[in-house]
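>>> Fold the following, please.
(3 chains)
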Amino acid sequence: MAHAREDEWLWGWDPTPGIVSVWAEPDGRAFVWRRLPGSGALVREDVRFRPWLLLASLENLTHLGARLRPEHEGPAPHRVTWQELEGPGALRYVVRADDGRMLATAVLQGAARRLGHPVGNLRELGAHAVLSLPPEEQYLVASGRTYFRDLGFDDLRRMQFDLETTGLEPQHDRIFLVAIRDADGKTDTLEAHGDSDAAEADLLQRLVARVRAIDPDVIENHNLHGFDLPFLAHRARLLGVTLALGRAGTPGLRQRPAARGAAPGRGGPGHDAMRRARYTVPGREFIDTLDAVRRHDFSTRELPGHGLKAVAQHLGLSSPEREHIPGAQVYEVFGSNPERVRRYARDDVTEAAGLARMLGGAAFALARMAPRRYERLADAGPATGVIDPMLVRAYLREGAALPAHEPGDGTPHSGAALHLFATGVARHVVKADVASLYPSLMREYRIGPKRDRLGAMLALVDRLVEQRLAAKARARAAPSGSPERYTNEALSAAMKIVVNSAYGYLGAGGLTRFADVHAANEVTRRGREVLRLICNELARRGVTLLEADTDGVYFSVPDGWGEADERRVVSEVAELLPPKVRLEFDGRYAAMLSHEPKNYALQPYDGALILRGVAFRSSRAEPFGEDFLRRALRCLLAGDIPGVRGAYVETVTALRRRTLPTLSVAAHVRLTKTPEQYLAARRRELPYEAMLASGQKHWASGEQVRVYRAVGGRAALLPEPEAGDNGGDPRDYDAEFYARQLRETFAARLVRALAPEDFAEVFADPEQPSLFAPSLANARPILTVLREPETEGEPPGLSADNFP
DNA sequence: CGTTTCCGGGG
DNA sequence: GTGTACGGAAACG
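Take a look at the predicted model:
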């Protein structure tokens, strides 16, 4: 096979199927859990591996004398063997021993002797001197095995659990209910019998017993690592319960270093102890759907928020009967209506399971490639977390010395092109974009890290792009909803993640092993060049450019053009680009409001309004403003200016007559400071003032409340509406404040769409009639051209020597 | 008005 | 095993 070597770099080489979990100890023991093909039965293999390290020199091991010997003389008990890798990389000695702790101790003792002071940890020697992977990764890199070969996502035994607690702080609050979904999809709840320590401890023990009975390969939930596991660990420690959740080894959760979580230098000390921890257990993988959601939204940028309910709703996973209870009320409701809380908690695990399946396939597919545990790949950044381990494996497989991290030379990193050509409303809009622009440029112009002498990065990108096309084709050929379709779509998503982060890896300063700012800048320079060529060539063909960003362009076409004409100009321009740079027709829209760079609204020919950019989709926006904006935009993009006026007048009037419920002006906010912290800070903030004004002197950090500005500039707290209870609405909001907000923050987003006199007319105060007769019947939205594409006198696009 | 601080998730 | 990035909104000066 032509690419056998490169396929080994990408997939590893050991064909062992069905691995669902790997646990290794520093002493050289590895436990491998596999599901057998066919039966799906679980087996555990106990194997030995030789722990290894990469060193820049052997100077810290010379004190071993005869106990240090070359690898080719073969391993022997209590000996350290060494092997020199070939080529110029700094990390050039692989040293191995039967026991990794003995190996590390030998290096540390040698370093201490040489440096004249004790050295406690290999990391103290620096990344330029030593590379030491966690034991599982040492095992996977050396063996060429990976997770999940010949296994489908649905072959995994997955369970979900979700804690219901009396509050957010495990120091004071209790777990009173746990919803469970087993591997066959059956849900139920476990509950504490009473509110004593003993009752809670008994609940935790029953949870542990259920997990062991279900015996899942994977445990999933939304914010599992940020909430459920740390909360559970804390309560178990307080109550003296042992969490024997693993499949081997000593019982209890183990901590691993956090990948995501606490931001240092911000927030109070100890305040995010919950977020810092990542727990792990032998034989099972903890998967947090919040990680999958973030990874997904990073590329799509279309989610309204990252909370479970919002995401499930958005992705169509919520059932119409989905039970909702505001977090702060769950425990209270449990007292009066426990059945409601049970339904709510079961709905939570059901949605978490659905989310995990819908978005979790990418991490699953990554685990078939990269030599890391599945749970680490699920929360890893793609550059250091996925690409780097693959490159390390490739270099070791080839016996090649590995470069160490090197600081940049101070060259700044230059970015992508962003052009706003016109603002306002345009009709007949087309979006064209280049599929995977940066990877295509890297491939087309062979731009890779200078120190990657094997060319492994470009080889990986080449193979991934080719194999991704094949996976997409297989997905298309498979019946919709089939495991075959799912697997190949997930594979394609995983490959896209890796391919698209190759560029990020290059540009990551001194953070990645093969970082190369010059190469990264060459990629962006080519990208800007390509985008400019696309814009110029489109403009020459008679379209009006609207916005171009990195790899795509929106433009509007003359009246009378049909879809065939639109596609024709795109393919004409596509013909002018280098072979691996593929410009594609990405969509067509009836109209677009171009507001600011990366902020626009699109009206499809049929279908719902699409809002992009934070100006149009702020999660904290008050509902009345959001509703107004959607109504106004729909009218605006249909050319109906009187309709925009109507929406505005209605909203202002409803505010002033207080026919809008207080709920629609209230903001849903989270209290992140304790009363003590707030009172100690000088800064006054509306939500806390509202708490204090309502007489509440105690609250927990993390509590969510609805606040609004009441008459007289007062901060006020809106009591959470009980189901079916609308009588308690105070309706004392400051109508003029919200009328001003409607004009200044919401209507303002339409400012580019109208001539100034029309804008003034449309958003004139309805109670202060203007002197001029309304003339909106003839008003039209406007488009303002800000700049013309560079046509003359510019370099004629890409330099000729780059074309075949 | 420009600058600084805070936010994202879970009960 | 270390990092989020980023852009908006509200409060401050």
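
>>> Quick check: pLDDT value at A:Ala236.
The model reports A:Ala236 with a pLDDT of 95.

>>> for A:Ile287, that is, sorry about that
On the pLDDT scale, A:Ile287 gets 95.

>>> repeat for A:Leu290
At A:Leu290, pLDDT is 92.

>>> How about the helix or strand hosting it and DNA strand C, touching?
Secondary structure from DSSP states H and E places A:Leu290 in helix A:289-300. Yes - judged by Cβ under 7 Å from any atom of the strand, helix A:289-300 and DNA strand C are in contact via A:Arg294. Every residue, glycine included, has its C-beta placed from N, CA and C.

>>> What is that helix packed up against?
helix A:338-359, helix A:361-366, helix A:374-379, helix A:483-506 (3 or more Cβ pairs under 8 Å, 6 or more residues apart in numbering; DSSP states H and E).

>>> Going by neighbour count, list what's buried in that helix.
Under the neighbour-count criterion of 16 or more other Cβ atoms under 10 Å, helix A:289-300 has A:289-293, A:295-297 buried.

>>> what do you get for stretch A:139-148?
In stretch A:139-148, counting by 16+ other Cβ under 10 Å, buried: A:139-148.

>>> Likewise for stretch A:110-119?
In stretch A:110-119, counting by 16+ other Cβ under 10 Å, buried: A:110-111, A:119.

>>> Tell me which of these fall in helices.
The helices, defined by DSSP state H, take in A:110-111 from these.

>>> State the distance from the closest residue to DNA strand B within the stretch 401-550 of chain A to DNA strand C.
Here the stretch 401-550 of chain A gets closest to DNA strand B at one residue, A:Gly504, 18.5 Å apart by Cβ to the nearest atom of the strand. Distance of A:Gly504 to DNA strand C, given as Cβ to the nearest atom of the strand, to the nearest Å: 9 Å.

>>> quick one on the thing from earlier: do the helix holding A:Leu290 and DNA strand B meet?
Yes - judged by Cβ under 7 Å from any atom of the strand, helix A:289-300 and DNA strand B are in contact via A:Leu290.

>>> and the next element down the chain from that helix?
helix A:308-314.

>>> Name the residues of that following helix that are buried.
Across helix A:308-314, burial judged by 16+ other Cβ under 10 Å covers A:308, A:311-312.

>>> Dump it to CSV, keeping only the CA atoms.
This file holds the C-alpha atoms of helix A:308-314, laid out as CSV (Å, rounded to 0.1, in the frame of the first residue of the first chain):
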residue,chain,number,x,y,z
LEU,A,308,-28.5,21.4,28.6
LYS,A,309,-32.0,22.6,28.1
ALA,A,310,-31.1,25.3,25.5
VAL,A,311,-29.0,23.0,23.5
ALA,A,312,-31.4,20.1,23.6
GLN,A,313,-34.2,22.4,22.5
HIS,A,314,-32.1,23.9,19.7
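
>>> I figured A:Ala104 hits A:Leu53, correct?
Yes - assessed by Cβ atoms under 8 Å, A:Ala104 is found in contact with A:Leu53 at 7.3 Å.

>>> shared neighbours, these two?
A:122, A:132 (Cβ atoms under 8 Å, 6 or more residues apart in numbering).

>>> The two: which is more packed in?
Using other Cβ atoms under 10 Å as the criterion, A:Ala104 and A:Leu53 rank with A:Leu53 on top: 22 against 18.

>>> Are we agreed that the more buried one is in a strand?
Yes - assessed with DSSP: H, G, I helix; E, B strand; the rest coil, A:Leu53 lies in a strand.
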